[in-house]
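**Q** please find the sequence and the predicted model below.
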Amino acid sequence: MSPLETRLKALSPALLADLRRGIEKESLRVRPDGALAMTPHPGALGSALTHPYITTDFCEAQLELITGVHPSAGSCLEELTRIHQVVYRNIDEEMLWCASMPCGLPSDEAIPVGRYGSSNIGRAKTVYRIGLGHRYGRRMQTISGIHYNFSVPGETWPALGYRSPNEGYFALLRNFRRNGWLLFYLFGASPAVCPSFVEGRDHRLQQLKPGTLYLPHATSLRMGRLGYQSDAQASIAASFNSLETYGAALEEAMLKPYPPYERIGIRDERGEYRQLATSLLQIENEFYGKIRPKRRIHSGERPLHALRERGVEYVEVRLMDLDPFAPAGISAPTMHLLDVFLLHCVLSDSPPDSAPERGEIARNQECVATRGREPGLRLMKGSQRPLLAEWGRQLLEECAPIAAALDAAARTGEHAKALATSIEALRAPESAPSAQVLAAMAANYGNSYTGFVLAQSRTHRAALLSAALPDDVAGRFSAMARESIEKQHATESSDTLPFEAWRQRYLSAQMLRA
């Protein structure tokens with residue numbers, strides 16, 4: 001019996017059945033012709049500042065839909081679908097762009113950043129986004145994806161010999177970073193893009209046809225160098241060996257001035273804010289990790305302070321592309337495989353990471369994002385150069401007893417089925433989602449990226465609008481929309497501190513430390 005299987009036997013069916021997951025899903029609102037919607041966040045959806053399930057991410061048109069915490073993939077997907085139905089009943093003729101790489105975009109400065117009202121926290125959210133635009137460009141921020149939140153019951157950690165949840169979760173984080181490239185291959189669905197996204201930027205994309213750029217073997221342009229990458233952030237030595245080392249790296253990045261951002265300045269000549277801070281990171285959320293340790297925070301609390309004070313509560317997987325073939329952007333089989341993979345990260349040996357290994361991980365991720373389906377592709381694994389297909393198959397075969405145990409605990413066969421589909425994708429690259437996207441573009445849309453995504457978005461819109469929405473669900477979301485607006489107004493009325501004083505206090509070192 002392998003060490004992984006020995007640890008798996010230490011977990012009871014009750015513990016395996018008590019895994020929890022939730023989803024945060026981003027989507028751009030677009031006009032019927034597929035262009036970015038320039039309208040404000042719809043008032044019928046409530047306040048983007050205070051609504052618990054429907055908010056915005058970077059720009060006014062980028063919706064973020066948030067589920068609660070769920071005991072099963074099925075219940076989580078059902079809630080996410082209901083939220084989509086509510087949204088579609090309140091955005092008139094607009095649609096949700098169903099792919100990660102954006103639609104046709106206007107000029108960078110014309111993309112409206114998210115607005116959250118006149119309260120200090122609302123102004124800070126907007127200024128933070130303005131800062132992102134100055135640092136990375138607004139177009140880059142319109143990329144959308146799925147964030148998959150995952151937690152295990154607290155009793156799991158002592159059963160596996162960990163002294164604390166922090167120690168166990170950071171072991172998970174290290175293994176996820178080592179092997180997360182496999183998820184790029186299995187679920188990456190962004191091999192092509194509209195040229196407006198890279199207008200004025202250096203890139204190595206090829207023209208598939210006028211109006212469509214791509215890389216022939218790419219899996220996820222979203223996660224490659226043209227997507228959520230930052231050369232500046234590459235200097236952040238964020239080790240996952242402990243909460244202490246991780247927290248120290250982030251704290252330094254948020255407190256130490258960074259000369260290129262000092263040149264941007266805090267305010268312009270008219271006194272308008274250009275960013276929250278001149279440090280390498282304005283706030284914690286600016287760090288572009290593929291996975292993050294997370295903790296629910298109190299009102300006004302800094303996320304790093306919450307982690308240090310009360311420990312890791314769950315992990316947030318951030319590398320998942322939107323699935324353009326799924327109405328809600330993700331499918332139940334994908335969620336089942338994620339649960340299996342994340343549990344594999346928990347149960348496998350997890351030696352400390354190092355700077356050379358972190359460099360190797362970054363190279364593997366970039367390689368799979370841009371060339372993942374290339375025949376004979378080899379990755380880096382210390383002194384070895386394994387074939388992607390062989391290393392991936394080895395990892396998935398190690399997952400087989402985990403899938404069987406989860407199926408036994410849930411009295412289903414869905415985890416093993418999802419695992420079998422993933423193994424087949426390694427054997428037959430044409431079945432990977434990125435290959436399916438290119439095949440659909442070629443077969444039905446003349447190799448047009450925007451033509452394919454627009455057609456898929458229209459299909460999803462029709463399906464979600466035609467499906468019945470229970471009256472109690474519709475009524476509950478209407479009430480939440482009204483309540484969220486009232487809560488925003490109350491927040492604005494209760495502010496007494498001038499924004500500049502609030503900004504300096506929020507960004508101070510003592511707000512980061514327990």
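**A** Noted; the coordinates are in hand.

**Q** share the number of residues neighbouring A467, please.
**A** Per other Cβ atoms under 10 Å, the neighbour tally for A467 reads 13. Glycine gets a C-beta too; all of them are placed from N, C-alpha and C.

**Q** now it: closest residue in space that isn't a chain neighbour?
**A** Of all residues not flanking A467 in the chain, Q85 sits nearest, at 6.4 Å (Cβ to Cβ, 6 or more residues apart in numbering).

**Q** wait, what's in contact with the one you found?
**A** For Q85, the contacting residues are L464, L465, A467, L469, V473, by Cβ atoms under 8 Å, 6 or more residues apart in numbering.

**Q** and the second one, that's in a strand?
**A** No: with DSSP: H, G, I helix; E, B strand; the rest coil as the criterion, L465 is helix rather than part of a strand.

**Q** tell me the confidence at Q229?
**A** Note for Q229: predicted pLDDT of 67.

**Q** hmm, back to that, check which helix or strand the residue nearest to A467 maps to.
**A** Using DSSP states H and E, Q85 maps to helix 73-88.

**Q** tell me the buried residues in that helix?
**A** Using 16 or more other Cβ atoms under 10 Å as the test for burial, helix 73-88 gives 73, 76-77, 79-88.

**Q** could you identify the most distant pair in the residues you listed?
**A** Using Cβ to Cβ, the pair of the buried residues of helix 73-88 lying farthest apart is A73 and Y88, separated by 22.5 Å.

**Q** helix/strand/coil for I330?
**A** coil.

**Q** one step back: could you provide the contacts of Q85 in CSV, with additional columns for pLDDT and distance to V30?
**A** Converted to CSV, those look like this (pLDDT from 0 to 100; distance: Cβ to Cβ, whole Å):
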residue, pLDDT, distance to V30
L464, 98, 15
L465, 98, 16
A467, 97, 21
L469, 96, 22
V473, 97, 25
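
**Q** tell me which two of those sit farthest apart.
**A** L465 and V473 (14.4 Å).

**Q** more neighbours, these two?
**A** V473 (15 against 12).

**Q** any figure for the gap between that one and M480?
**A** 11 Å (Cβ to Cβ, to the nearest Å).

**Q** circling back to that earlier point, distance to L337 for the contacts of Q85 - can I get that in TSV?
**A** Compiled in TSV, these are given as follows (distance: Cβ to Cβ, whole Å):
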residue	distance to L337
L464	24
L465	29
A467	25
L469	29
V473	28
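
**Q** dump the residue contacts of P260.
**A** P260 is in contact with A232, counting by Cβ under 8 Å, 6+ apart.

**Q** my bad, L319
**A** Applying Cβ under 8 Å, 6+ apart, the residues near L319 are G145, G180, L183, F184, S220, M223, K290, I291.

**Q** let's see the pLDDT reported for the third one.
**A** In other words, L183. pLDDT at L183 comes out at 98.

**Q** ditto for the first one
**A** pLDDT, G145: 98.

**Q** so which bits of the longest helix seen in the chain are buried?
**A** Taking DSSP state H as the criterion, the chain has its longest helix at helix 471-494. The neighbour-count check on helix 471-494 (16+ other Cβ under 10 Å) flags F477, M480, A481, S484, I485, K487, Q488, T491, E492 as buried.

**Q** for R267, state which of those residues is nearest.
**A** E492 (21.9 Å).

**Q** isn't the closest one right next to I121, touching?
**A** No: between E492 and I121 there is no contact under Cβ atoms under 8 Å: 9.6 Å.

**Q** any stretches of this structure with poor pLDDT?
**A** Residue ranges of the chain with pLDDT under 70: 228-229, 514.

**Q** ok, how many other residues are close to E397?
**A** Other residues close to E397 by other Cβ under 10 Å number 11.

**Q** any idea which element it lies in?
**A** helix 388-398.

**Q** who are the packing partners of that helix?
**A** helix 181-187, helix 414-427 (3 or more Cβ pairs under 8 Å, 6 or more residues apart in numbering; DSSP states H and E).

**Q** next, the angle helix 414-427 makes with that helix.
**A** Computed by axes from the mean of the first three to the mean of the last three Cα atoms, to 10 degrees, the angle separating helix 388-398 from helix 414-427 equals 160 degrees.

**Q** can you tell me what sits against helix 388-398?
**A** By Cβ under 8 Å, 6+ apart, helix 388-398 touches 2, 4, 179, 182, 185, 344, 348, 368, 372, 377-379, 381, 419, 422-423, 426-427.

**Q** cutoff 7 Å now
**A** 4, 179, 182, 185, 344, 368, 372, 377-379, 381, 419, 422-423, 426 (Cβ atoms under 7 Å, 6 or more residues apart in numbering).

**Q** from the residues you listed, which is closest to Q233?
**A** Of those, the one sitting nearest to Q233 (Cβ to Cβ) turns out to be V368, at 19.7 Å.

**Q** shouldn't the closest one be in contact with Y185?
**A** Yes: using Cβ atoms under 7 Å, V368 makes contact with Y185 at a distance of 5.6 Å.

**Q** my guess is V315 contacts K290. True?
**A** No: counting by Cβ under 7 Å, V315 does not reach K290; the two are 10.6 Å apart.

**Q** overlap of the contact sets of the two?
**A** If you check V315 and K290 against Cβ under 7 Å, 6+ apart, no residue is contacted by both.

**Q** so what does V437 look like in phi/psi?
**A** phi -60, psi -50 (degrees, to the nearest 10).

**Q** excluding covalently adjacent residues, which one is nearest to it?
**A** Closest to V437 by Cβ to Cβ, 6+ apart is A189, at 5.6 Å.

**Q** just the C-alpha atoms of stretch 170-181, please, in CSV.
**A** What follows is stretch 170-181, C-alpha atoms only, in CSV (Å, rounded to 0.1, in the frame of the first residue of the first chain):
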residue,chain,number,x,y,z
PHE,A,170,0.2,24.7,3.3
ALA,A,171,1.2,21.2,2.4
LEU,A,172,-1.8,21.2,0.0
LEU,A,173,-0.8,24.5,-1.4
ARG,A,174,2.8,23.3,-2.1
ASN,A,175,1.6,20.2,-3.9
PHE,A,176,-1.0,22.1,-5.9
ARG,A,177,1.7,24.5,-7.2
ARG,A,178,3.9,21.5,-8.2
ASN,A,179,1.2,19.7,-10.1
GLY,A,180,-1.3,22.4,-11.1
TRP,A,181,0.0,22.5,-14.6
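
**Q** next, the buried residues of it.
**A** Neighbour counts over stretch 170-181 (16+ other Cβ under 10 Å) mark F170, A171, L172, L173, R174, N175, F176, R177, R178, N179, G180, W181 as buried.
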